[in-house]
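Participant: the sequence isn't on hand, but the structure is:
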Ligand code: 8OZ
């Protein structure tokens, strides 16, 4: 029976265990410039015993930013800042992928170049609330639908982001195709009403995601590229008329490309971890889609140590990603292995601020000292 502490081959990497640190937005990059700094390096290095760390979502361009103080991977200063992070993680024996992110309509003009409108597949306004650049929560604006000709430049931003991630010393990249951001907005027909080659049929709606993946593969090779997806997720106002058909096609295409892994979110964890609510009758993403992908399958969303062990033992997934538990437990694998109690997380310090609720959660060793 497979154990959480068995090694796992992902692409051409061998992970020491099957406990993954999920990508976690913390909004603590250095300002101005959205630059990773020493505090971020300490936070990630504290968590280096994960089989794999996936970085917080990182915008590939200024247009791709949608929240205050999220880090970027499009300026030389950001690349130098990320190098502090990857060096610190590698020094502790860890592995870290960068998550490439464009938020699409989940933005506000205050984040945009020249205060323009956020961009999207179609001019459909999200009904939830957005953070402005000065941390105010306001209504969304109606995004501007991208012209077909503009997509090539965004694909180039994905490629440059992947190249910058390589220069910054990452071990690979994950394309963020989940949670209602740009690529997911193109995938799902609740947000994509286009009538060009990027809209309409499932093949057309999946085109942008697959082209972004191809950019990452051009830079990294298929062994070092993963993709995150969230079928049935409703965070950021998402919906699709036939998610099983849509995501089955996407997985078949990713399988043909033989990328290192897919990382799928279970919709029982609503709001992408933005709340503690659990939907017990949600469809099981891993049960629906795991069999369609031959590479490593990472599952995320509301796992406990017990359900994670079971999931890996019965082969529902090869590895499990933890988010909220990783915020509060830098030594999560050691705690799970020894059966130690877990530190509770404090939601009030998830986003923004400095050390508090970020680098000050104790390890077992620190508790014993
Ligand atoms: C919570 C708050 C802000 C962003 C995601 C990048 O859901 C996020 C995110 C989550 O993927």
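Facilitator: Good, I have the coordinates. In this text the structure is predicted, and so the values were computed from the model without any measurement.

Participant: so where's the protein uncertain?
Facilitator: 271-273 (pLDDT under 70).

Participant: counting by contacts, list what the longest strand belonging to the chain packs against.
Facilitator: Across the chain, the longest stretch assigned as strand under DSSP state E is strand 52-59. Secondary-structure packing of strand 52-59 (3 or more Cβ pairs under 8 Å, 6 or more residues apart in numbering; DSSP states H and E): strand 19-21, helix 76-91, strand 96-101. Quick note: C-beta positions are derived from backbone N, CA and C, even for glycine.

Participant: pull the residues that contact the shortest one.
Facilitator: Just to be clear, that refers to strand 19-21. 4, 47, 50-54, 263, 298, 300, 308, 319-322, 326, 332-333, 336 (Cβ atoms under 8 Å, 6 or more residues apart in numbering).

Participant: go again using 6 Å as the cut-off
Facilitator: By Cβ atoms under 6 Å, 6 or more residues apart in numbering, the residues outside strand 19-21 that reach it are 4, 47, 50, 51, 52, 53, 298, 319, 321, 326, 333.

Participant: next: stretch 245-259.
Facilitator: The contact list for stretch 245-259, computed with Cβ under 6 Å, 6+ apart, reads 202, 206, 210, 222, 225, 227, 231, 240, 262, 289, 292-294.

Participant: what secondary structure does the closest residue in space to residue 93 that isn't next to it in sequence sit in?
Facilitator: In this structure, residue 93 finds its nearest non-sequential neighbour in residue 48, 6.1 Å apart by Cβ to Cβ, 6 or more residues apart in numbering. Following DSSP: H, G, I helix; E, B strand; the rest coil, residue 48 is assigned to coil.

Participant: surely residue 48 touches residue 92?
Facilitator: Yes. With contact defined as Cβ atoms under 6 Å, residue 48 reaches residue 92; the gap is 3.5 Å.

Participant: so the two - more neighbours on which side?
Facilitator: A side-by-side neighbour count of residue 48 and residue 92, using other Cβ atoms under 10 Å, places residue 48 first with 19 against 13.

Participant: do you know how far residue 113 is from residue 74?
Facilitator: Distance of residue 113 to residue 74, computed by Cβ to Cβ, to the nearest Å: 11 Å.

Participant: tell me which of these two has more neighbours.
Facilitator: Taking other Cβ under 10 Å, residue 113 and residue 74 do not tie; residue 74 has more neighbours (19 against 10).

Participant: look up phi and psi at that one.
Facilitator: phi -130, psi 0 (degrees, to the nearest 10).

Participant: what number of residues lie near the nearest residue to it once chain neighbours are set aside?
Facilitator: Distances taken as Cβ to Cβ, 6+ apart put residue 61 closest to residue 74, at 5.3 Å, once the chain neighbours are dropped. Using other Cβ under 10 Å as the criterion, residue 61 is surrounded by 19 other residues.

Participant: ok, residue 197 - how many residues close by?
Facilitator: Per other Cβ under 10 Å, the neighbour tally for residue 197 reads 13.

Participant: on the three-state scheme, it is what?
Facilitator: Assigned by three-state DSSP, the conformation of residue 197 is coil.

Participant: what's the answer for residue 42, then?
Facilitator: helix.

Participant: skipping adjacent residues, who's closest to it in space?
Facilitator: residue 359 (5.1 Å).

Participant: so which helix or strand takes in residue 227?
Facilitator: strand 225-229 (DSSP states H and E).

Participant: hey, what's the closest residue to residue 77 other than its chain neighbours bridged with?
Facilitator: Counting by Cβ to Cβ, 6+ apart, residue 77 lies nearest to residue 35, which is 4.9 Å off, once chain neighbours are set aside. For residue 35, the beta-bridge partners under DSSP bridges are residue 30.
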